[in-house]
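Peer 1: Need a 3D model of the sequence below.
(one chain, ligands or ions: 1)
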Amino acid sequence: MENNKRPETMERITTKALADKFIEEQIAEVRAQVGDKKVLLALSGGVDSSVVAALLIKAIGKQLVCVHVNHGLMRKGESEAVIETFGKELDANLIYVDATDRFLDLLAGVSEPESKRKIIGAEFINVFADEARKLEGIAYLAQGTIYPDILESIKQAEGKKAVKSHHNVGGLPEDLQFELVEPLKFLFKDEVRVVGEALGLPHAMVYRQPFPGPGLGVRCLGAITRDRLHALREADAILREEFDNFGLAGKVWQYFIAVPDMKSVGVKDDSRYEGWPAIIRAVNTKDAMTATIEEVPYEVLHKVTNRITNEVEGINRVLFDLTPKPTGTIEWE
Ligand code: XMP
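Peer 2: Predicted coordinates:
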């Protein structure tokens with residue numbers, strides 16, 4: 001655990017100048033560590049893996065191989081943004097894998113939340129390992145580990161129970177045990193964002209709200225079906241767009257839609273219309289251990305309700321979740 005402790009002399013990275021200094025140091029360190037060998041990275045498009053990718057592209061260019069696995073549970077436009085930023089603008093060595101069918105076929109009929117999480121986590125590793133086996137000469141695995149992850153695993157090693165099983169690319173099979181490159185492992189989230197901006201990543205990517213590894217899989221409640229997943233993705237995109245329009249996007253910590261596996265009777269175009277409800281969740285928190293509800297103005301709620309019920313096939317009601325954490329967790333599953 002000795003080299004897993006943030007050095008006491010390490011200054012908090014709060015400015016661009018400090019971020020630039022950190023970036024220069026990490027570039028030198030990574031180059032010294034990997035030499036002319038290749039490094040593999042699972043690039044989810046989340047803040048941490050994106051910042052690692054940008055940093056490593058700067059340090060070792062095409063020696064970095066990024067794999068973006070689209071598990072079919074991404075939000076609208078998310079995989080496209082990864083391809084645009086990393087594949088096109090930063091000219092990264094990027095492999096894009098559309099594994100939607102693999103995931104959705106495995107998840108068909110599975111309604112128990114922990115089973116869903118375990119299937120998604122394990123299949124993510126399978127898909128990533130399949131890609132890794134096709135590549136030659138990979139010696140290192142880069143990870144977007146940050147300091148809270150290290151503190152959390154220390155806590156778990158001390159026997160404290162996790163509420164939900166989170167997933168990452170730890171746990172690769174035996175034949176793929178690479179040495180790790182973890183340039184952000186002593187940084188807190190706010191520092192990662194400062195570094196990301198200093199690296200020139202888009203603001204929306206660096207200040208992206210947290211998004212769980214299992215993605216929309218834990219928001220398409222119960223057994224996932226393609227039509228309900230599609231409705232959820234469209235409704236969520238509308239919510240995000242309107243939070244942007246009303247200036248709430250940077251103010252609220254996390255907001256999203258969940259769609260349960262139940263229908264209610266409604267009416268549309270003078271006919272009976274059975275549809276799913278879209279549930280809005282909007283919360284604020286410091287550390288995700290507890291959370292309070294954002295008091296979203298009625299004007300916003302009306303606009304979102306109006307748009308979702310008119311624009312999204314299959315949804316006939318919109319509800320607002322008023323439950324803080326505890327007793328609700330932030331996600332519904
Ligand atoms: P809960 O639902 O436990 O969520 O109150 C707390 C925070 O963690 C996020 N979350 C995840 N993040 N992998 C992640 O990286 C996961 O499997 C996962 N599950 C939940 C959740 O969105 C919230 O911000």
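
Peer 1: What residue spans form the domains of this protein?
Peer 2: 2-210, 219-320 (automatic domain parsing).

Peer 1: okay, these in TSV with distance to the ligand, mean neighbour count and mean pLDDT next?
Peer 2: C-beta coordinates here come from the backbone N, C-alpha and C atoms, glycine included. Converted to TSV, the domains of the chain look like this (distance: least, CB to the nearest ligand atom, whole Å; neighbours: other CB atoms under 10 Å; pLDDT from 0 to 100):
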stretch	distance to the ligand	mean neighbour count	mean pLDDT
domain 2-210	4	17	94
domain 219-320	4	17	97
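
Peer 1: In JSON lines, list the ones you listed along with distance to Gly328.
Peer 2: As requested, these are arranged in JSON lines below (distance: least, CB to CB, whole Å):
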{"stretch": "domain 2-210", "distance to Gly328": "12"}
{"stretch": "domain 219-320", "distance to Gly328": "8"}
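
Peer 1: close enough to count as contact, Met262 and Ile279?
Peer 2: No. With contact defined as CB atoms under 8 Å, Met262 does not reach Ile279; the gap is 10.9 Å.

Peer 1: Run through the helices of the chain in chain order.
Peer 2: For the chain, the helices defined by DSSP state H occupy 16-34, 47-60, 78-82, 100-107, 113-134, 147-157, 189-198, 203-206, 226-245, 298-311.

Peer 1: Tabulate these (CSV), appending distance to Val218.
Peer 2: CSV is the format used below for the helices of the chain (distance: least, CB to CB, whole Å):
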stretch, distance to Val218
helix 16-34, 33
helix 47-60, 19
helix 78-82, 15
helix 100-107, 11
helix 113-134, 7
helix 147-157, 19
helix 189-198, 21
helix 203-206, 22
helix 226-245, 11
helix 298-311, 20
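
Peer 1: Nearest to His68, out of those helices?
Peer 2: Set against His68 and scored by CB to CB, these come closest in helix 78-82, at 5.0 Å.

Peer 1: Can I get the closest one in CSV? Just the C-alpha atoms.
Peer 2: These are the backbone C-alpha positions of helix 78-82, laid out as CSV (Å, rounded to 0.1, in the frame of the first residue of the first chain):
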residue,chain,number,x,y,z
GLU,A,78,-22.2,9.6,-26.1
SER,A,79,-20.3,7.1,-28.2
GLU,A,80,-20.4,9.6,-31.1
ALA,A,81,-18.8,12.2,-28.9
VAL,A,82,-16.0,9.8,-28.0
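
Peer 1: For it, report the contacting residues that lie outside it.
Peer 2: Outside helix 78-82, the residues that touch it by CB atoms under 8 Å, 6 or more residues apart in numbering are 43, 45, 50, 68, 70, 94, 96, 98, 205.
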